[in-house]
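Trainee: from the sequence below, what's the structure:
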Amino acid sequence: MLDFIYYPVSGILWFWHKVFSLVSGAPDSGVVWALSVVFLVFTLRAILFKPFVKQVRTQLVMQKLQPQIKALQKKYAGDNQKLAAEMAKLQKEHNYSPLLGCLPMLIQAPVFIGLYHVLRSFNRTGAATHVPFLSPTEPMSIADNANTANYFFSASDVQSFLDAKLFGAPLSAMISSPAAQLEAFGDVTRLSIVLVAVPLMIFAAVATHFTSRASIARQVDTGTVNPQTAIMNKLALWVFPVGVVAFGAFVPVAILIYFVSNNCWTFAQQHFVYGRIAAEQREADVQIPPGSASTAPLPGAKPTKAKRKS
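Mentor: Predicted structure coming up:
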């Protein structure tokens, strides 16, 4: 159903695996596969960079307009039709589009569902060929998966991923893997998986917390946080990071690498974008002559250069 997403995601992962395999000369290395996952995330996030910037600009404009919106809501409390008309007029005056605030998230959701699905598919492909990832009760070997392909990856590529280990932990294994699955890896113990997975889970949780904290700090500066937003902020600060740790025990190490990579990119991207927007605002403020009416754009709106008179 979503093959139009799965194949491109798989293709990007395949590309980076080939690149790092050529550089290292070790295509079966866990480090090579881990780097492939990391750069898959970075590539997808780079593709979605512009939509993210538009989303941030739209959100900042909306925050700036909150006092005016509240005034309109109070003024036309009993007239929903008039309120809607005035809201539309206000949004038009400031080039605000609610769709721009939602569209980037709508774009990102299927992309990352595709990324998660492709990584999980390395394990799921084993179901048809009796790899013990989905059938732990049968006495099978990981080598039995050698005749199953996965989107852009050949059967041998899939086997390479299933055999890959990072510091002794298979990328396709998880902390909650049944004992029968661990036996299929040979000398792998649950402790070896825990020693790799738990630091990744903690790092991802900490990155989630600080990314949320940075975003919330900018909301508080505007003084426009409503009760619903306050609840979501608390969830983002504490519940989501805890959820990452709890959920981390039930996903392969490769997915944990995805979580860490994605959170690191988000934190850096957020800092860069908000910093650039703040610099644009300072530049626009400097260009305003003393004593003249302010024509600076709203926070998040791109400053426009005045046309020279001929």
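Trainee: what segments of the stretch 101-250 of the chain are helices?
Mentor: For the stretch 101-250 of the chain, applying DSSP state H, counting those that start in this stretch gives helices covering 155-163, 179-184, 190-222, 227-234, 240-248.
Trainee: confidence-wise, which of the ones you listed is weakest overall?
Mentor: Considering these one by one, the lowest average pLDDT is found for helix 227-234, at a mean of 78.
Trainee: low-confidence stretches in the stretch 1-150 of the chain?
Mentor: Residues of the stretch 1-150 of the chain meeting the criterion pLDDT under 70: 99-105, 123-148.
Trainee: deepest of the helices of the stretch 101-250 of the chain, which one?
Mentor: Of those, the one with the most neighbours on average (mean count of other CB atoms under 10 Å) is helix 155-163, at a mean of 21. (Glycine included, C-beta is placed from N, CA and C.)
Trainee: quick one on the thing from earlier: the helices of the stretch 101-250 of the chain: which one's closest to S172?
Mentor: Shortest distance between S172 and the helices of the stretch 101-250 of the chain, using CB to CB, is found for helix 155-163: 5.1 Å.
Trainee: quick one: distance of that closest one to the chain centre.
Mentor: Using CA atoms, centre = their mean, to the nearest Å, the distance from the centre of helix 155-163 to the centre of the chain it belongs to is 26 Å.
Trainee: now do it: which elements does it pack against?
Mentor: In this structure, helix 155-163 packs against helix 98-124, with contacts taken as 3 or more CB pairs under 8 Å, 6 or more residues apart in numbering; DSSP states H and E.
Trainee: ok and the strand or helix carrying D285 relative to helix 240-248, angle-wise?
Mentor: Using DSSP states H and E, D285 maps to helix 253-286. When axes from the mean of the first three to the mean of the last three CA atoms, to 10 degrees is applied, the directions of helix 253-286 and helix 240-248 differ by 160 degrees.
Trainee: quick one, helix 253-286 and helix 155-163 angle?
Mentor: With the same axes, to 10 degrees as the criterion, the two stretches helix 253-286 and helix 155-163 enclose an angle of 90 degrees.
Trainee: and helix 253-286, average pLDDT?
Mentor: Helix 253-286 shows a mean pLDDT of 89.
Trainee: got a list of contacts for stretch 34-44?
Mentor: Counting by CB atoms under 8 Å, 6 or more residues apart in numbering, stretch 34-44 makes contact with 9, 12-13, 16-17, 20, 111-112, 115, 119, 166, 171, 254, 257-258, 261-262, 265, all of which sit outside it.
Trainee: picking that back up, looking at the helices of the stretch 101-250 of the chain, which is nearest to F52?
Mentor: Short answer: helix 190-222, nearest of those by CB to CB, at 12.1 Å.
Trainee: same for the closest one, what does it pack against?
Mentor: Partner elements for helix 190-222 (3+ CB pairs under 8 Å, 6+ apart): helix 49-75, strand 169-170, helix 227-234, helix 240-248, helix 253-286.
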